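K.L.:
Output the structure for:
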Amino acid sequence: MRTALTVLLAVLYALAAIAVFGLSGVFGTFGEAIWRDVAIVVLTLVAACALTYVSLLLMTFLREVRHPRNSAGDPDDLEWHLLVPCRDEEAVIAETVSAARTSFPGVHVWVIDDASEDTTAVVVRDLMVFDDRVHLISRIAPEARTGKGDALNAAYRIVSEHVGAGDAERHRTVIGVLDADGFLSDNALSMLAGPESFGDDGTGAVQLEVWMKNRGDRRPRPADGTLRNAVGRMLVRMQDLEFRTTNSAMQVLRVRTGTVGMGGNGQFARLSVLDALTAQHGKPWGTKLCEDYELGLNILEMGMRTHYVREAHVSQEALPFTRRLIRQRTRWAQGNLECASALPDLRRSGHLSAAGLMEIHYFMMQPAIMMMNLVLVPLLLILGLVENAGDFWKTSTVLTIVVAGTLFLVLPYAVWGLVYRTVTNREVSTVLAVGLGLCNLGYVYLTYIYSVQAIWRAVTGRTGWAKTQRNADGRQLVEVALSAELEALPLMRLEELEALADELEGRSDLGIDFVSGWAVMWPTRSARLERAVAAESPQQARDAIGSIRVSSAMVGAARLEQVATDLEATLTHGDVDAARAQLPLIAAVGRETVDTLRKEISVRRSLLQTPHRETPSITQTQMVPIRRT
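P.N.:
Got it, this is the predicted structure:
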């Protein structure tokens, strides 16, 4: 039924395109010049294919939204390892590791420091004091800074050795890749372990849906004025719309065509599949700028199944800066162009269906299609205006242009605003959703900019890339002054550690583990509070600061408890600006508290691990030799 409807829509769209571009005369008279005839035919085919593709995406995606196919499984049936490639990520890495270890206690987190020039490695080592499932892989020159793929391959070798040689164990071991700013939803591992995902032994890799974690930030560019922040908010929201509607719809369609692609953030693969890739290619990840998509294509070439899960997600930071966004997307576009070299091997493999091959080839052709639209549409319009200036402004001609623009240009992009409102559970109003849909039309035109740049870089042989800057990069820690009352309070009441041990059957190690868990979770709690205040969400902010206050009291963090109490009072009165001004204070006190705990726990764990001689018995102590007289 869906196939028949798709064919019918394709025919209708083709007829509409022929009527508009070939018969209306707006774009010139058909049959007068061969080059114009070719241009009109190409434009007609492109327009009909584009509308058919958008319609197919909408039908498939909305059905999936109404009737989700994925279900949860037991994550304990699998072993999980997360790889986090880092280059100068001191601003975000603590929160990422903290979130992963807090949400998933059984997961190993492997941070790959690719010769960072900042304190990334120091931040990770500090976390390692509290958590033995946090690992640091340090890469140094000349091997370092040669690409994300090389960093992941280095981590693969180390994790592979850690897991061991058993085939069954390696098949049940799943390796995930997170960006340095990536957060997994709490249900991520459960959904990944489901029967449609890694619960099926035939599944080789799974990609999660991507969300933007700062989509609610009211001031994404805090150093700039009102207008630039408005543009920044729009860009952030458009990136969230892009990933949760159009990109997600493409992946849902790919589930049906058997061509799900892997992304750089939130990709998961079996260790046994990475082993198979290594046997065939010498290493799992390649050297292309989109090593993630390349990985997925190589998995498909071997005949293994890839899958997509939209019921769980990975969150990342959206870019509110236009230049940074274009630089990032240029790299992605160039990487996709590089991946076109894998198409011949895919065709020869015989593992993909006709629909799968069509989907991948159409996706790869997007830059070329964009370029054709960029050149042909304005060229034909200008020629039509020049050759028929008198007739061009007739009502019928203008009406044809309006209808054509609405059908072939506006609707295919604007409709996703209302879809976005649906998938976000009405996070935005209907009016805003319509506005976002219209903004999507302008946002999509950025594609023309970075597609041109990507093609130019590829033609000129430029394959290097600069790391995407984080929004927090360059921000300096604010010096804060403590009041006399706060100075009088201790950072930690160390006697609370003893009280915790007494409550936990007198075991000091359990008390240390409890406090260590609090310290590991601190970056997550602090960031959650910061995002809630940035979004100007009073309820979320009160929940976040309440969590900090209660947990601080439990571990004896007296000064942090008091600062949290003060901020909670400010939030209760609804003064968001005052609350924002208090954030540097609570961040500074939190850092000092964690530093104090780190030193104390290091000493206590060292003492627990130091072997002690057994206490001699009474008999042994009384056996003193006495000289006979």
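K.L.:
which SS class is the closest residue to residue 605 other than its chain neighbours?
P.N.:
Using Cβ to Cβ, 6 or more residues apart in numbering and skipping the chain neighbours, the partner closest in space to residue 605 is residue 512 (6.3 Å). For glycine as for every other residue, the C-beta is placed from the backbone atoms N, C-alpha and C. Classification of residue 512 by DSSP: H, G, I helix; E, B strand; the rest coil places it in helix.
K.L.:
What segments of the stretch 301-450 of the chain are strands?
P.N.:
305-316 (DSSP state E, counting those that start in this stretch).
K.L.:
Tell me which stretches of it form helices.
P.N.:
322-338, 343-349, 354-364, 366-387, 389-392, 395-405, 411-423, 430-444, 446-459 (DSSP state H, counting those that start in this stretch).
K.L.:
Would you single out the least confident of those?
P.N.:
Of all those, the minimum mean pLDDT falls on helix 389-392 (a mean of 63).
K.L.:
one step back: is the residue nearest to residue 605 in contact with residue 603, as I believe?
P.N.:
No - counting by Cβ atoms under 8 Å, residue 512 stays clear of residue 603, with 10.4 Å between them.
K.L.:
In terms of neighbours, single out the busier of the two.
P.N.:
residue 512 (21 against 10; other Cβ atoms under 10 Å).
K.L.:
Just the CA trace of stretch 268-277, in PDB.
P.N.:
These are the backbone C-alpha positions of stretch 268-277, laid out as PDB (Å, rounded to 0.1, in the frame of the first residue of the first chain):
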ATOM      1  CA  PHE A 268      27.200   1.700  19.300                       C
ATOM      2  CA  ALA A 269      28.800  -1.400  17.800                       C
ATOM      3  CA  ARG A 270      29.600  -4.900  19.000                       C
ATOM      4  CA  LEU A 271      33.200  -5.600  19.800                       C
ATOM      5  CA  SER A 272      33.000  -8.600  17.600                       C
ATOM      6  CA  VAL A 273      31.900  -6.400  14.600                       C
ATOM      7  CA  LEU A 274      34.900  -4.100  15.200                       C
ATOM      8  CA  ASP A 275      37.000  -7.200  15.200                       C
ATOM      9  CA  ALA A 276      35.600  -8.200  11.800                       C
ATOM     10  CA  LEU A 277      36.300  -4.700  10.500                       C
END
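K.L.:
List of residues touching it?
P.N.:
156, 159-160, 163, 167, 170-177, 192, 198, 203-208, 262, 283-284, 295, 298-299, 302, 304 (Cβ atoms under 8 Å, 6 or more residues apart in numbering).
K.L.:
switch to 7 Å and redo it
P.N.:
Here stretch 268-277 makes contact (Cβ atoms under 7 Å, 6 or more residues apart in numbering) with 156, 160, 163, 170-171, 173-176, 192, 204-206, 284, 298-299, 302, 304.
K.L.:
Are any of those residues buried, and if so which?
P.N.:
Buried residues within these, counting neighbours by 16 or more other Cβ atoms under 10 Å: 156, 160, 163, 170-171, 173-176, 192, 204-206, 284, 298-299, 304.
K.L.:
Among those residues, which lie within strands?
P.N.:
Counting by DSSP state E, the buried ones among the contacts of stretch 268-277 place 173, 174, 175, 176, 204, 205, 206 in strands.
K.L.:
Which of these sits closest to residue 215?
P.N.:
residue 176 (22.8 Å; Cβ to Cβ).
K.L.:
Just say helix, strand or coil for residue 247.
P.N.:
Judged by three-state DSSP, the three-state class of residue 247 is helix.
K.L.:
Neighbours of it, how many?
P.N.:
Residue 247, neighbours per other Cβ under 10 Å, totals 16.
K.L.:
Could you measure from it over to residue 313?
P.N.:
12 Å (Cβ to Cβ, to the nearest Å).
K.L.:
where's the residue minimising distance to the centre of the chain relative to residue 219, distance?
P.N.:
Nearest to the geometric centre of the chain sits residue 316, at 4.0 Å (Cα atoms, centre = their mean). The gap separating residue 316 from residue 219 is 19 Å, by Cβ to Cβ.
K.L.:
coming back round to it: out of the ones in strands among the buried ones among the contacts of stretch 268-277, who's nearest residue 460?
P.N.:
residue 205 (33.0 Å).
K.L.:
Just say helix, strand or coil for the residue lying closest to residue 537 once chain neighbours are set aside.
P.N.:
In space, and not counting its chain neighbours, residue 537 is closest to residue 216: 6.7 Å by Cβ to Cβ, 6+ apart. Of the three states, residue 216 takes coil under three-state DSSP.
K.L.:
That'll do, ta.
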